[in-house]
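Visitor: 3D, please:
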Amino acid sequence: MLLIETLTQERIKIEPKEYGFRGNARNFDLNRDFIKQDTKNAAAFATIFHSVNPDIFIDNHVSNGADYQYAITHLFTQHNKLGGSLGVFLEKEMRPYIEKSLAKKQIPITPYVNVWGSTPEKGWTQFFDSPRYSTGYTTLFNTLGLMVETHMLKPYKIRVEQTYELLLSTLDFSKKKSSKIKELRKKNTKELLTKKTYPIAFKANKSNPTSLLFKGYEGSYIKSEVTNGKRLFYDKSKPYTKKIPYYNNFNAIKEITIPKAYILQKGWHKVTERLRNNGIAYTHFKHDTILTVETQHIANFNTRKSAYEGHYLHYNTTVKKTIKTVKFRKGDIYISTQQKGIRYIIETLEAEATDSFFNWNFFDTILQQKEGFSSYVFEDIAEQFLKENPTTKKELDKKIKADKSFAKNPYAQLYFVYKKTKHYEQAHLKLPIYKIY
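Guide: Presented below is the predicted three-dimensional model:
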């Protein structure tokens, strides 16, 4: 506490001579790297984080975008995503305490103004911090996450002062509620370990907003002096205080059944490296073993057309699930979900989760088909297969009649039949991740 106060007195006298750069030496934005850990920085953070196991994590940032009367905003992790009694505590006790504490210090604060291409008085949706972000990552381990966003257009001195005051208010809160926070963190893990399902996708509930008293400036669109269009302009001579809708309640829109364990085939070293670095316990099969498991094939997905943090990120991923008897090899990896890191395991190994390892391209080699067929050789095999499988013949004829481009493509027709035969490559689109229930 004394150290913080001393730093405050020294730093508020200084105006910044320059600003930092968002990218590190390899041009990675570290606040997009927490789950994928492409950088040594993020890997080192994970080591420190798990060694300390903090009850509360705070990340200090500066934001831009809209203009308003506040010099500081808060971005708590989304409370429904955090879930359980810990999520309720964050929303009903922690956030109100810090807001009231700052109000007593005459420091107005509001939720992070998540507005782009519009103005705040229309309201906005709470920023949803998936595990790629710091607070989204830390809350996978039931650490209460808070990101501070000071506004770049406000004086540096004020921003520094208010950041320290928020930190001090949070320290006061953590001191008063220390025992309860530790108890709730343990309880949240226990609650999750007894549940049968886990939500992997959320959507803002637009029918249930929070009414927020917001201090802003009147915004309008005026003629641009640079382009032939208009630009957004906030008139600081016209401040207002209005009640606006703040959509900070989210509903789960996709859930998975929590398996007893995941099995990862050996050889996926980048995945196992991250599991180890995040304290995830697993064992290796000592012998070849036959088990009945759920297998997964990628059914559909989209891919970003622009590079994002060194990746072409997948999204809208869906999987096809099948129960099969599989022979696992000595050295394959067994990952029980009955452990503290259960949320990390699910968020990374469930391909449909927003920041899964699949979506971050860790398994992209399964997307390339390695084996195929020679049309000349396969024609005779396909002809015999259709005679023995009249249902497939009907499906082929139906598609030829309904799809004009397919009807003009004999190779596509052969490939349609090929995918129905035993000759089709079983490894194509097959995730090396299996589930035991």
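Visitor: from here on, just use CA atoms for contacts and neighbour counts.
Guide: Noted.
Visitor: domain ranges for the chain?
Guide: The record's domain split for the chain, according to automatic domain parsing, is 2-194+210-247, 272-437.
Visitor: out of the ones you listed, which gets nearest to K203?
Guide: Comparing these by their distance to K203 (CA to CA), the top pick is domain 2-194+210-247, with 9.3 Å.
Visitor: nearest to E255, out of the domains of the chain?
Guide: That would be domain 272-437 among the domains of the chain, by CA to CA, at 9.5 Å.
Visitor: the closest one: end-to-end distance?
Guide: 22 Å (CA to CA, to the nearest Å).
Visitor: K223 touches F233, doesn't it?
Guide: No. Look at K223 against F233 with CA atoms under 8 Å: they stay out of range, at 9.5 Å.
Visitor: adding mean pLDDT, distance to E255 and mean neighbour count, write the domains of the chain out as CSV.
Guide: Listed next are the domains of the chain as CSV, based on pLDDT from 0 to 100; distance: least, CA to CA, whole Å; neighbours: other CA atoms under 10 Å:
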stretch, mean pLDDT, distance to E255, mean neighbour count
domain 2-194+210-247, 92, 12, 17
domain 272-437, 96, 9, 16
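Visitor: let's have the ones you listed in JSON lines, adding distance to A204.
Guide: As requested, these are arranged in JSON lines below (distance: least, CA to CA, whole Å):
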{"stretch": "domain 2-194+210-247", "distance to A204": "6"}
{"stretch": "domain 272-437", "distance to A204": "15"}
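Visitor: so which of those comes closest to I256?
Guide: domain 272-437 (8.5 Å).
Visitor: from the middle of its chain, how far away would the closest one be?
Guide: Centre-to-centre, domain 272-437 and its host chain are 22 Å apart (CA atoms, centre = their mean, to the nearest Å).
Visitor: also stretch 120-128?
Guide: Worked out by CA atoms, centre = their mean, stretch 120-128 lies 19 Å from the chain centre.
Visitor: what do you get for stretch 119-130?
Guide: 17 Å.
Visitor: picking up where we left off before, for K254, which of the domains of the chain is the nearest?
Guide: domain 272-437 (9.1 Å).
Visitor: re the thing from before, ok, which of the domains of the chain comes nearest I200?
Guide: domain 272-437 (5.2 Å).
Visitor: could you say which helix or strand holds S405?
Guide: Taking DSSP states H and E as the definition, S405 sits inside helix 404-407.
Visitor: just checking, what packs against that helix?
Guide: helix 390-402, helix 410-418 (3 or more CA pairs under 8 Å, 6 or more residues apart in numbering; DSSP states H and E).
Visitor: out of these, the one nearest I345 is which?
Guide: Short answer: helix 410-418, nearest of the helices and strands packed on helix 404-407 by CA to CA, at 35.7 Å.
Visitor: so which residues make contact with the next helix or strand after the closest one?
Guide: Counting by DSSP H and E, the element after helix 410-418 in chain order, helix or strand, is strand 433-436. Contacts of strand 433-436 with the rest of the structure, by CA atoms under 8 Å, 6 or more residues apart in numbering, involve 259-265, 292-296, 349.
Visitor: put the alpha carbons of stretch 413-428 into PDB.
Guide: Below are the C-alpha coordinates for stretch 413-428, written out as PDB (Å, rounded to 0.1, in the frame of the first residue of the first chain):
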ATOM      1  CA  GLN A 413     -20.400 -37.300 -58.600                       C
ATOM      2  CA  LEU A 414     -17.600 -39.900 -58.200                       C
ATOM      3  CA  TYR A 415     -16.400 -38.200 -55.000                       C
ATOM      4  CA  PHE A 416     -19.900 -38.300 -53.600                       C
ATOM      5  CA  VAL A 417     -19.900 -42.000 -54.000                       C
ATOM      6  CA  TYR A 418     -16.300 -42.400 -52.800                       C
ATOM      7  CA  LYS A 419     -17.200 -40.700 -49.500                       C
ATOM      8  CA  LYS A 420     -19.800 -43.400 -48.900                       C
ATOM      9  CA  THR A 421     -17.400 -46.300 -49.300                       C
ATOM     10  CA  LYS A 422     -14.900 -47.900 -47.000                       C
ATOM     11  CA  HIS A 423     -12.100 -46.500 -49.100                       C
ATOM     12  CA  TYR A 424     -12.700 -42.900 -48.000                       C
ATOM     13  CA  GLU A 425      -9.900 -41.700 -45.700                       C
ATOM     14  CA  GLN A 426     -11.100 -42.100 -42.100                       C
ATOM     15  CA  ALA A 427      -8.600 -39.600 -40.800                       C
ATOM     16  CA  HIS A 428     -10.000 -36.800 -42.900                       C
END
